[in-house]
Structures are given as C-alpha cells and as structure tokens.
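**Student:** Next input, structure requested:
(one chain, ligands or ions: 1)
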Amino acid sequence: MRIGQGYDVHRFAEGDCLVLGGVSIPFHKTFLAHSDGDVLLHALCDALLGACGLGDIGRHFPDTDAKYYKVDSRNLLRHVMTLLQQQGYRVTNADMTIVAQAPKLAPYIEQMQQNIAHDLQVDVSQINVKATTTEGLGFAGRQEGVAAYAIVLIDKCEEG
Ligand code: MG
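**Tutor:** Sure, this is the predicted structure:
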C-alpha cells in the first residue's frame, strides 16, 4: 500500500461557471487557468502521482503546452489513472476537501463523487468529497479563489 497527497489553488476571474470535480456549477466567477481550472481534480491527480512516486501534474501536463489549453481535467485524471495502472496499482480510497467560501457546493458533491469514481474505476463508496468554508478568512474567505486537498491510498493489484 502507498499513500499520496495533493493540494491545488486556482484564482477567480470574471465568469459565469466553475468546474469542480467535473461538474459545471453556475457562479458569477470562473477559474483563471490554462486548463478548465478544476482544482479538485488537480489536487487528486497530484495525490495519485505522489502515491506512485511519479512527480506532479505540472511535469506530466505542462501549462505551457497548448495541448492542455482549456482541457477537461477529467481527461488528465484518466491519464493519471492509466499511469497508475501501468505500475500495477489500483485505488483503495480517496478523500478530498474543497475550501471555498462560495458557491454552496453541497448540491454538487454527489455528482463529483460519481465522476471521480467513474474515472478511477472504483465504487463510489471509495470516494469522498467534502467542502468547507474558511469563515471568511484568507483568500478563500475573501472569495479570491478556491483550494482543494486530496489524500489517496493505493495498493498493488493481485498477481494474475
Ligand atoms: Mg491546477
């Protein structure tokens, strides 16, 4: 068994929707990012890469590469999952926290968990997504951006 953790932040810009956990959420801001800015999936990708000792998301998907401009981060997540499987690993469970003052995320959490479970090829019971505010403190509290933390446990698939 191996463990990995990931963290990501994206800054807000003017807009009309946020993508978190592969779910489009109507909001009066969007993420300023080279990709779709899905901080939750980026933190998860880093946790998965970290667990396998494969570096970080910036190494695999550089934001200077036009190929990843406005990319759907679920494609990145699926690619990371392929790398993990090539090393003989599968996901035991993943636990994540989104830090955002707004919008209210509760109505979208279940769909995020389903998207992630699908992409990691596990049962939804192995995936947990939480959301918290910072009670108005810090950059998240001032609604300047959103942060996400992810922790994953992986184990080697059975031989044969
Ligand atoms: Mg990112």
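
**Student:** contacting residues for whatever residue of the chain ends up closest to the ion?
**Tutor:** With Cβ to the ion as the measure, H42 is the residue of the chain nearest to the ion, at 3.6 Å. To be clear about C-beta, it is placed using only N, CA and C from the backbone, and glycine gets the same treatment. By Cβ atoms under 8 Å, 6 or more residues apart in numbering, the contact set of H42 is G6, D8, H10, S35, I57, S73, L76, A148.

**Student:** Got the phi and psi for V146?
**Tutor:** phi -130, psi 140 (degrees, to the nearest 10).

**Student:** Check the spacing between it and N93 real quick.
**Tutor:** Computed with Cβ to Cβ, to the nearest Å, the distance linking V146 and N93 is 23 Å.

**Student:** Looking at those two, which is more packed in?
**Tutor:** Between V146 and N93, counted using other Cβ atoms under 10 Å, V146 has the larger neighbour count: 28 against 15.

**Student:** and the residue of the chain closest to the ion, what element?
**Tutor:** For H42, the host element (DSSP states H and E) is helix 39-52.

**Student:** same question for that helix, mean pLDDT?
**Tutor:** Averaging pLDDT along helix 39-52 gives 98.

**Student:** In the next helix or strand after it, which residues are buried?
**Tutor:** Following helix 39-52 in sequence order, the next helix or strand is helix 57-60 (DSSP H and E). When burial is assessed from 16 or more other Cβ atoms under 10 Å, helix 57-60 yields the following buried residues: I57, H60.

**Student:** Next one: helix 57-60, is it in contact with the ion?
**Tutor:** No: Helix 57-60 does not reach the ion (Cβ under 5 Å from the ion); its nearest approach is 6.8 Å.

**Student:** Could you export that helix as CSV, CA atoms only?
**Tutor:** Output of helix 57-60 as CSV, limited to C-alpha atoms (Å, rounded to 0.1, in the frame of the first residue of the first chain):
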residue,chain,number,x,y,z
ILE,A,57,0.8,17.3,-12.5
GLY,A,58,3.0,20.1,-13.9
ARG,A,59,5.6,17.6,-15.0
HIS,A,60,3.0,15.5,-16.9
